[in-house]
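Novice: here's a sequence, model it:
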Amino acid sequence: MQLLDWIVLVSTIAFITIYGIWKSRKEKHDIESYLVSKKMNWWTIGLSIAATQASAITFLSTPGQGFSDGMRFIQFYFGLPLAVIVLSITFVPIFQRLKVYTAYEFLEGRFDLKTRTLCTFLFLTQRGLAAGLTIYAPSLILSIIFGWDIFWTNFSIGMVVIIYTYFGGTTAVSETQKQQMAVIFLGMITAGVMLMQLLPDHIGFGKAVSLAGKMGKLNVIDFTFDWNSRYNIWSGLIGGFFVSMSYFGTDQSQVQRYLGGKTTAESRLGLIFNGFIKIPMQFFILLLGTLVFVFYQFNTPPIFFNQVEVGKIYQTADSLKFRQLEAQYSEIVSQKTAKVAELSDAMDTDSESLIAEKQQSFQEVEAQAQSVRKEAIALIHQNNEKEGKPKATDTNYIFLSFVINHLPAGVIGLLIAVIFCASMSATASELNALASTFVVDVYKRIIKKDGSGTHYLNVSKISNIAWGLYAILFAEFAGALSGSLIEAVNILGSLFYGTILGIFLTAFYLKFVKGTAVFVAAILAEITIIYCWQYTNIFFLWYNVIGCGLVLGISALLSLKDINLTKTVS
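Specialist: Numbering: from 1, shown residues only. Purely as a prediction, here's the structure:
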């Protein structure tokens with residue numbers, strides 16, 4: 001990066017950090033204001049929720065997902081609008097009426113302490129690991145760009161977030177997220193505008209989108225029903241509905257955002273606002289990835305975007321073979337560029353047969369390019385296996401590689417700042433929620449019940465630090481993960497969300513079910529989900545449906561059995 005990039009990056013991060021601490025300076029230093037601020041209006045809530053979701057993984061991995069797999073990932077979010085409407089009608093008023101600090105307080109009154117503790121444990125486990133992933137993603141960027149040691153990069157990024165969450169609590173988190181979202185929107189719009197300017201003069205936005213469609217990248221909706229399909233409209237509507245219900249209704253990192261609303265109406269509006277801006281935002285980010293794909297039809301891309309792995313293979317006995325594959329790939333890409341130009345010209349005519357012919361011609365050359373690329377990736381995998389390392393992928397590096405190699409100074413710094421802001425906003429919410437849940441549901445309830453307000457405030461601050469260090473520790477091991485980071489974080493959530501949602505839905509709607517029945521059902525459901533993850537090919541979105549359904553079904557059966565037994569005895 002050049003000096004201008006450094007100025008943009010450092011000044012943006014410094015401003016947001018200082019602003020968050022400054023905005024929270026007038027807050028009362030007590031446990032309530034530190035954990036749940038009851039002063040937020042609906043747009044602050046909506047932006048805060050959106051910022052919590054939009055981690056650095058979103059802006060690193062999602063464009064790469066669009067580049068590699070097209071637009072079909074957008075179906076993941078199709079169940080979200082319906083979920084937030086249901087939550088606004090049911091969950092939000094209940095939580096506001098009970099005046100709880102965390103979502104899990106409600107469970108003890110409805111069931112018992114062990115059920116509350118189980119749900120708390122599942123949340124702390126899942127969200128603590130997810131916080132590590134949100135730190136790891138931007139660390140990955142810096143370590144690749146500058147060759148920094150990723151251990152110290154993880155630690156440094158984590159500490160920045162720990163500092164302002166420690167001093168400012170939930171107010172600092174929510175206030176900084178508004179500024180972070182402004183930077184994010186500015187950066188992504190700038191990237192889109194610059195990308196269009198880098199395309200050939202005769203390729204406007206409409207033509208670029210049309211070309212992406214002819215190349216199979218605008219696969220927005222798939223009506224095929226298949227349990228093993230990664231993304232289709234059914235997994236999106238049904239599985240996405242359940243994961244959104246659990247995420248926004250039972251995950252403290254989200255619940256804590258709308259618990260801070262001035263009124264129930266403000267909380268509802270904020271939640272619904274986020275539900276309806278999320279799909280357009282994700283659509284734009286995926287579209288950005290497909291447009292990067294179009295860009296690389298006119299410019300030679302690297303055969304593998306993870307240049308660290310490429311550098312490693314250059315040092316092995318397979319270096320010559322790999323370089324030969326690179327040269328072959330470059331030659332095929334040149335042929336492909338000519339085919340794309342022919343396809344573009346054909347699209348200006350009314351001849352469907354000519355368009356189909358040129359489209360087929362392009363697809364044949366594209367298949368050759370992908371064949372050579374797969375051969376090169378296989379070499380990388382073979383060398384990693386020899387060293388006992390996981391398979392390398394480059395989905396998470398595609399957008400970053402484009403930014404660094406093709407955008408001008410200043411814009412690069414802005415987009416790196418986008419990724420940092422996204423990481424900081426998501427991690428801050430997670431640490432704030434982890435600290436709140438630990439203090440309210442574990443420390444205050446089980447360990448020390450009679451502490452003073454000052455004591456619990458100090459424990460909350462210490463918890464922020466402890467969970468931050470825990471997340472940093474997990475980030476140090478996240479390098480062992482392969483594949484798309486955006487998928488990794490959603491798989492992690494899906495392992496727990498269905499079970500947690502099942503517990504809450506049982507609490508709300510199955511009034512005859514008692515604590516022991518739902519506790520046993522939740523344990524069995526979680527074991528089943530882990531089994532599905534390890535030993536089946538069921539797509540992860542369905543874990544949320546399966547887990548929730550099992551908790552509801554098993555707890556109901558156990559309770560009905562007890563009721564019938566009681567009637568028989570009496």
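
Novice: following the longest helix seen in the chain, which helix or strand comes up?
Specialist: If you go by DSSP state H, the chain has its longest helix at helix 150-198. Sequence-wise, the next helix or strand downstream of helix 150-198 (DSSP states H and E) is helix 205-214.

Novice: which other helices and strands does the longest helix of the chain contact?
Specialist: Judged by 3 or more CB pairs under 8 Å, 6 or more residues apart in numbering; DSSP states H and E, helix 150-198 is in contact with helix 3-23, helix 31-35, helix 42-53, helix 113-146, helix 264-298, helix 398-406, helix 411-437, helix 453-477. From N, CA and C alone the C-beta is placed, and that goes for glycine too.

Novice: go with 6 Å
Specialist: Applying 3 or more CB pairs under 6 Å, 6 or more residues apart in numbering; DSSP states H and E, one finds that helix 150-198 contacts helix 3-23, helix 42-53, helix 113-146, helix 411-437, helix 453-477.

Novice: so which of those helices is the most packed in?
Specialist: Compared across these, helix 411-437 shows the largest average neighbour count, a mean of 27 (mean count of other CB atoms under 10 Å).

Novice: what residues are up against the closest residue to Ile412 other than its chain neighbours?
Specialist: If the residues on either side of it in the chain are set aside, Ile412 comes closest to Asp5, at 4.8 Å by CB to CB, 6 or more residues apart in numbering. Applying CB atoms under 6 Å, 6 or more residues apart in numbering, we find Asp5 in contact with 409, 412-413.

Novice: again with Ser334
Specialist: Listed by CB under 6 Å, 6+ apart, Ser334 has no contact partners.

Novice: make sure it is indeed in a helix.
Specialist: Yes: Ser334: assigned to a helix according to DSSP: H, G, I helix; E, B strand; the rest coil.

Novice: kindly provide the distance from it to Thr263.
Specialist: From Ser334 across to Thr263, the span is 62 Å (CB to CB, to the nearest Å).

Novice: ok, now Lys99?
Specialist: 13 Å.

Novice: and for Asp69?
Specialist: Remark: distance between Asp69 and Thr263 (CB to CB) = 42 Å.

Novice: kindly report the same for Ile412.
Specialist: Distance from Ile412 to Thr263, by CB to CB: 43 Å.

Novice: and Ser351, by the same measure?
Specialist: Per CB to CB, Ser351 is found 61 Å from Thr263.

Novice: over to Ser463?
Specialist: 29 Å.

Novice: likewise Ser210?
Specialist: Ser210 is 47 Å from Thr263, by CB to CB.

Novice: of the two, who's got more company?
Specialist: Remark: of Ser210 and Thr263, Ser210 carries more neighbours, 17 against 12, as counted by other CB atoms under 10 Å.

Novice: torsion angles phi and psi at the closest residue to that one other than its chain neighbours?
Specialist: Spatial nearest neighbour of Ser210, chain neighbours left out: Met347 (6.1 Å); criterion: CB to CB, 6+ apart. Backbone geometry at Met347, expressed as degrees, to the nearest 10, gives phi -70, psi -20.

Novice: hang on, the earlier thing: between the contacts of Asp5, which sits nearest Met196?
Specialist: When the contacts of Asp5 are compared for distance to Met196 (CB to CB), Ile412 wins out at 17.3 Å.

Novice: tell me how far that closest one lies from Gly187.
Specialist: The gap separating Ile412 from Gly187 is 10 Å, by CB to CB.

Novice: please apply the same query to Asn219.
Specialist: Where Gly187 is concerned, Asn219 sits at a distance of 27 Å (CB to CB).
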